[in-house]
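coordinates only, sequence not included:
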């Protein structure tokens, strides 16, 4: 069995992109077997191509019946991770290609509202970090160049990258909810 690992840094800031990626890997015959190291490393095994729908979900808190709701509809919990702001889930469900592709959220307004909350929550988290990083870069430049200036620059680039991912995710979901 051929095993491959793929690093997907920052996928949780644009969850719709990882859904598409995982589904394409399954269609190529690379079956997802594990999500490890804080959700950044995806392990696949070469097998038979399958039609598997992957959906991500993100909640600050879940009810007692949350898991049963999905399991009753034959969704399999692939991954869950708690961070400071939310709990992230990846659910998977095999389906027949002749049938409609299953979704966790069939109402686009619900998905839009979740994406909006996600956008607001992470904007409130990332914007101050971006501003602090800008200030650190400015103070390092003003105090004279040294080798340590690279650290605040890398921090700033990382926060800008993550904020770009959050923003682009929100606008993709908003566009889809308007067109549907």
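Everything's here; your move. As the structure is a computational prediction, the values presented were derived from the model and not from experiment.

alpha carbons only for contacts and neighbour counts from here, please
OK.

I'd say residue 94 and residue 49 touch.
No - in terms of Cα atoms under 8 Å, residue 94 does not count as a neighbour of residue 49; the distance is 11.0 Å.

Report the separation between residue 88 and residue 13.
Residue 88 sits at a distance of 10 Å from residue 13 (criterion: Cα to Cα, to the nearest Å).

the more surrounded of these two?
Using other Cα atoms under 10 Å, the more surrounded residue of residue 88 and residue 13 is residue 13, with 22 against 18.

Can you list the strands that the helix or strand where residue 6 lies pairs with?
Per DSSP states H and E, residue 6 falls inside strand 3-7. Strands that pair with strand 3-7, judged by DSSP bridges, come out as strand 41-46 (antiparallel).

Now do the helix or strand following the strand it pairs with: which elements does it pack against?
Towards the C-terminus, the helix or strand next in line after strand 41-46, according to DSSP H and E, is strand 52-59. Contacting strand 52-59 under the criterion 3 or more Cα pairs under 8 Å, 6 or more residues apart in numbering; DSSP states H and E are the following elements: helix 15-27, strand 87-94.

Contacts for the longest one, please.
Spelled out, it's helix 15-27. 11, 31, 32, 49, 50, 51, 52, 53, 54, 55, 56, 169 (Cα atoms under 8 Å, 6 or more residues apart in numbering).

Might you calculate how far that helix sits from the centre of the chain?
Averaging C-alpha coordinates over helix 15-27 and over its chain gives two centres that are 11 Å apart (Cα atoms, centre = their mean, to the nearest Å).

Taking strand 87-94 as reference, get the angle to that helix.
Relative orientation of helix 15-27 and strand 87-94, computed by axes from the mean of the first three to the mean of the last three Cα atoms, to 10 degrees: 30 degrees.

and the spatially most central residue of the chain, what does it touch?
Central residue check for the chain by Cα atoms, centre = their mean: the C-alpha nearest the mean position is that of residue 12, 2.1 Å away. For residue 12, the contact set (Cα under 8 Å, 6+ apart) comprises residue 88.

got the end-to-end distance for stretch 102-110?
Stretch 102-110 end-to-end distance (Cα to Cα) = 16 Å.

Ok, stretch 91-111 next?
15 Å.

What are the buried residues along it?
Buried residues in stretch 91-111, defined by neighbour count with 16 or more other Cα atoms under 10 Å: 91, 92, 93, 94, 102, 104, 108, 111.

got it, and stretch 150-161?
Residues 152, 153, 155, 156, 159, 160 are the ones in stretch 150-161 that count as buried (16+ other Cα under 10 Å).
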